[in-house]
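Visitor: Predicted coordinates and the sequence they were generated for:
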Amino acid sequence: MSETYEQYKVDLDGILGDSEEPFPNLKKLGYVRVRLRAATVNWRDLLVVENSPLYIPTHQGLVPLGDGAGEIVEISSKGSLWSVGDRVITVPNCGWKQGYDVADFDPVSGYGSSNVDGTLSKFMIVRDDGVVKAPSNLSWEEAACLPVAGGSAWNALFHGPTPVKPGDFVLTEGTGGLSTFAIQIASAAGASVISTSSSDDKLEIAKKLGATYTINYTKHPKWSEKVLELTGNRGVDHVVDVIGLPTAAEAVRSLRTGGQVTFIGFLGGQAPPPDLVNTLLAGGKTARGMLAASKPMIEELVRAVEMNNIHPQIGQVFDWNEARKAYAALASGSVVGKVVIRI
């Protein structure tokens, strides 16, 4: 094994630098060394590189990214949960290892944020319980898509007050990594999916992923009216909202009486619509804020991906030396699905 290895680090001026690091010894019991094979870029990773005030402060020299897939190449003890050669994916919120209660979520313990090094590295050392088994039906690139986007979609659909069930209507926004996962997972669960986008071409991909109906919101700015038309004036049971305030009012108006919207992202910002709370109250609707996924949620997702043979939608794959291009691709908003870096 080489005495050094490569990893990317974040400088506080926002530049990603590729560095050569000495190979650390695996001394602590209960840890494993993972040879990473692929990682993916999520929206929060753009905030990390920018050291954005909207996210946790970034430490100088942080190794970024939370999504990763690889194989165990070394274990520190015979009693390890793992064996050399096991295929694994990361648990990005490495402090949320048990249960489903968001009160157990630790915002500063996630891989690739604050001072916790992430997955844009040839190797990483993690605790035994900092990874889970990778789905047997996925490539390295596909498996790396699961933890953040897939885990968040799973949490949104199945771990709120009213989990998705067969026959429900689910509305998704856009065709980014999380939304494409939500389409696939909800469809596999027997729900009818309504997908929105500004592009007819992207909506065609949404249909192939399992969307039952599509709405181009540039043609239908008040798209909640179209949603009501498609659902017989009933509304949808669930909305997975990745935008935030710009879409909040239409999302809530799209809900049936007693429906639920899960707010995951904040891709845009503006003043909240004045009737938002009234619309929630008058319809007995629920607005839920959500924070990624716990380890048990990701394990549930892995089983569902294998059982339903779900393959994540990958928009672009970049080689190791093209990491900066991967960030730029995600920032452009043009990619349908996930942006992957092959390691």
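Guide: That came through, no problem. Just so it is clear, the structure is predicted and the values come from calculations on it, not from any experiment.

Visitor: Low-confidence ranges, this protein, go.
Guide: For the chain, applying pLDDT under 70 flags the ranges 1-2, 12, 267-271.

Visitor: how is it carved up into domains?
Guide: Domains of the chain are assigned by automatic domain parsing as 4-145+312-342, 153-289.

Visitor: Please report how far the residue lying closest to residue 231 once chain neighbours are set aside lies from residue 19.
Guide: Using CB to CB, 6 or more residues apart in numbering and skipping residues adjacent in sequence, the residue nearest residue 231 is residue 169, 5.5 Å away. For every residue, glycine as well, the C-beta is placed using N, CA and C. Using CB to CB, to the nearest Å, residue 169 is found at 49 Å from residue 19.

Visitor: cool, residue 336 as well?
Guide: Distance, residue 336 to residue 19, by CB to CB: 32 Å.

Visitor: just residue 207 next, same as before
Guide: Counting by CB to CB, the gap from residue 207 to residue 19 is 43 Å.

Visitor: Which of the domains of the chain sits closest to residue 302?
Guide: Proximity to residue 302, assessed across those by CB to CB, is greatest for domain 4-145+312-342 (5.2 Å).

Visitor: Ends of that closest one, what's the gap?
Guide: The first and final residues of domain 4-145+312-342 sit 19 Å from each other (CA to CA, to the nearest Å).

Visitor: still on that earlier bit, neighbour count winner among residue 169 and residue 19?
Guide: residue 169 (25 against 13; other CB atoms under 10 Å).

Visitor: my guess is the more buried one contacts residue 238, does it?
Guide: Yes: in this structure, residue 169 is within contact of residue 238 by CB atoms under 8 Å, at 7.5 Å.

Visitor: List the residues that are in contact with both of the two.
Guide: Both residue 169 and residue 238 are in contact with residue 191, where contact means CB atoms under 8 Å, 6 or more residues apart in numbering.

Visitor: what's the distance between the residue nearest to residue 231 and residue 42?
Guide: The spacing between residue 169 and residue 42, counted by CB to CB, is 27 Å.

Visitor: got it, and residue 298?
Guide: 14 Å.

Visitor: ranges for the helices of the stretch 1-150 of the chain?
Guide: Along the stretch 1-150 of the chain, counting by DSSP state H, counting those that start in this stretch, helices occupy 43-50, 140-143.

Visitor: Dump these to a markdown table, plus mean neighbour count and distance to residue 250.
Guide: Putting the helices of the stretch 1-150 of the chain into a markdown table (neighbours: other CB atoms under 10 Å; distance: least, CB to CB, whole Å) gives the following:
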| stretch | mean neighbour count | distance to residue 250 |
| --- | --- | --- |
| helix 43-50 | 20 | 20 |
| helix 140-143 | 22 | 32 |
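
Visitor: okay, the ones you listed in JSON lines with distance to residue 341 next?
Guide: Formatted as JSON lines, these follow (distance: least, CB to CB, whole Å):
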{"stretch": "helix 43-50", "distance to residue 341": "11"}
{"stretch": "helix 140-143", "distance to residue 341": "9"}
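
Visitor: among these, which is nearest residue 36?
Guide: Smallest distance to residue 36 across the helices of the stretch 1-150 of the chain (CB to CB): 8.8 Å, for helix 140-143.

Visitor: That closest one - contacts with which helices or strands?
Guide: Where contact means 3 or more CB pairs under 8 Å, 6 or more residues apart in numbering; DSSP states H and E, helix 140-143 is packed against strand 31-41, strand 67-75, strand 314-318, strand 338-342.

Visitor: just the CA coordinates of the first one, formatted as PDB?
Guide: Output in PDB follows, covering the C-alpha atoms of strand 31-41 (Å, rounded to 0.1, in the frame of the first residue of the first chain):
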ATOM      1  CA  TYR A  31     -12.700   1.700  12.900                       C
ATOM      2  CA  VAL A  32     -12.200   0.600   9.300                       C
ATOM      3  CA  ARG A  33     -10.400   2.000   6.300                       C
ATOM      4  CA  VAL A  34     -12.500   2.500   3.200                       C
ATOM      5  CA  ARG A  35     -11.100   2.700  -0.300                       C
ATOM      6  CA  LEU A  36     -13.600   5.200  -1.800                       C
ATOM      7  CA  ARG A  37     -14.700   4.500  -5.400                       C
ATOM      8  CA  ALA A  38     -17.200   7.300  -6.000                       C
ATOM      9  CA  ALA A  39     -18.700  10.300  -4.400                       C
ATOM     10  CA  THR A  40     -21.500  12.700  -5.300                       C
ATOM     11  CA  VAL A  41     -22.000  16.500  -5.000                       C
END
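
Visitor: Can you give me the distance of the residue nearest to residue 86 when sequence neighbours are not counted to residue 98?
Guide: Of all residues not flanking residue 86 in the chain, residue 72 sits nearest, at 4.5 Å (CB to CB, 6+ apart). Noted for residue 72: a distance of 22 Å to residue 98, by CB to CB.
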